Each structure stands twice: as structure tokens, then as C-alpha cells.
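**Student:** Fold the following, please.
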Amino acid sequence: MLRGKSRRVPEGDDPLDAAQERRVRAVLALGGVPRTDLSDGVQQVRLRLPERAAKGDEAPRDVSAWAAVVASHLAMDWHRAKRRQERIGERLAALRQLAHPSGEETSVLSVAVAQGLDELTDQQRQVLVLRFFADLPVRDIAAELGRERPDRPGRGRGGLPLTEDDRRKEGREPARTPTPPCRQAS
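**Tutor:** A predicted model of the protein is given here:
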């Protein structure tokens, strides 16, 4: 073993010799890190020494002891990360259960969607199929249907009459769009 020996890291060499690497592996294994993750842990310990030097900290007096402490910290971090992943998985599973209703709610929703699709024109239904089932972007759908891709201002102008009709149905006056400053009469 390396007890009582003080080792400094020679410049440009591997910061851990074989005995120190075995010690790091042992500390990680005793810390509960699975065998499959031990190599990653050793790499992390190897990276910490150059990071420390880059920050301007001096090299540790006993690299072997320093590496064992870093390995111990990595083992604790591994357990924290594992528990964090488990909690995230539990939350996602709970959200998935809420997002996918079952039984009667699903059948009612399916009937409502089917009725909505029946009310669409053939071209509207085709757009939905291309967008959501074929996962095509708007420009590809427009090309597939032989139409121009609408630009944003054009879609806004097309939607304005619909909004005004809705406001009239509700008994409110249509919104007045202000004239741009460059076109106002003086």
C-alpha cells in the first residue's frame, strides 16, 4: 500500500498510478457505486486534479488521500443523482397517468374527436393527417396540396374578419385597428 508515502503529480503524467486507481475504485465500490459506473468515477477523479490546477490551487500533498476523498464525494453525488432521477421518474409517471384518462372518459373523448373530424372538409382533414400523423412541416403540407404557404401577415389578415364576426355574435363592436402612423392623414 501507499501508507505514509506522499505523492505529487508529475507534470503531463496520469495523475493516478495503478495503486491509487485501485484505491479510488475501492472507495467508489464501498460507497455503493455499481461496478458498471466505477470507470466513470475513476475518470472523474482524474479530471478533478487538472481542474484544480487550472483554478490555480496547489497540488495536493498526498494525491492518494485526496483521490480517496474525491471518490467518496463522487459516491455521495452518485446516490443523490440516482434518487433525483427516481423522483423525476415518479413525477413523470404521475403526470402520464393524469394525461391519459381511461375508460369512459377516453371513449367520450374519442367520440367528440370523431364528430369534430366529420365536420371538417376533405382538405382540412387531409391537412390534419399530414401534420399530425405524417409529421410534415407547414411548407411540405402546402407543397403536397399544391398551395402557397401562407405568410404571417396574410394569416393575420385572414383571421381578422373571423374575429370581427365572433365579436358581432357576442354583441360587441368589432375591434378597430389603428391606422399605422405613416398612413395617417395630416
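
**Student:** from here on, contacts and neighbour counts on C-alpha atoms
**Tutor:** Will do.

**Student:** where in the chain is pLDDT low?
**Tutor:** Along the chain, the model assigns pLDDT under 70 to residues 1-13, 97-105, 149-167, 170, 172-186.

**Student:** Where is the longest helix in it?
**Tutor:** Longest helix of the chain, by residue count under DSSP state H: helix 63-99.

**Student:** Not counting the next helix-or-strand element following that helix itself, show me its contacts.
**Tutor:** Following helix 63-99 in sequence order, the next helix or strand is helix 104-118 (DSSP states H and E). The contact list for helix 104-118 (Cα atoms under 8 Å, 6 or more residues apart in numbering) reads residue 125.

**Student:** May I have helix 104-118 exported as CSV, CA atoms only?
**Tutor:** C-alpha atoms of helix 104-118 as CSV (Å, rounded to 0.1, in the frame of the first residue of the first chain):
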residue,chain,number,x,y,z
GLU,A,104,-65.4,6.1,-20.1
GLU,A,105,-63.5,9.5,-20.4
THR,A,106,-61.4,8.1,-23.3
SER,A,107,-64.4,6.8,-25.2
VAL,A,108,-66.3,10.1,-24.8
LEU,A,109,-63.2,12.0,-26.0
SER,A,110,-62.8,9.7,-29.0
VAL,A,111,-66.5,10.2,-30.0
ALA,A,112,-66.0,14.0,-29.7
VAL,A,113,-62.8,14.0,-31.8
ALA,A,114,-64.6,11.8,-34.4
GLN,A,115,-67.5,14.2,-34.6
GLY,A,116,-65.2,17.1,-35.0
LEU,A,117,-63.3,15.4,-37.8
ASP,A,118,-66.6,14.6,-39.5
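
**Student:** Would you tell me what the next helix or strand after it is?
**Tutor:** Sequence order places helix 122-128 as the next helix or strand after helix 104-118, per DSSP H and E.

**Student:** Dump that next one to PDB, keeping only the CA atoms.
**Tutor:** What follows is helix 122-128, C-alpha atoms only, in PDB (Å, rounded to 0.1, in the frame of the first residue of the first chain):
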ATOM      1  CA  ASP A 122     -61.800  16.800 -47.000                       C
ATOM      2  CA  GLN A 123     -58.900  19.200 -47.500                       C
ATOM      3  CA  GLN A 124     -58.900  20.200 -43.800                       C
ATOM      4  CA  ARG A 125     -58.900  16.500 -42.800                       C
ATOM      5  CA  GLN A 126     -56.000  15.900 -45.200                       C
ATOM      6  CA  VAL A 127     -54.000  18.800 -43.600                       C
ATOM      7  CA  LEU A 128     -54.600  17.200 -40.200                       C
END
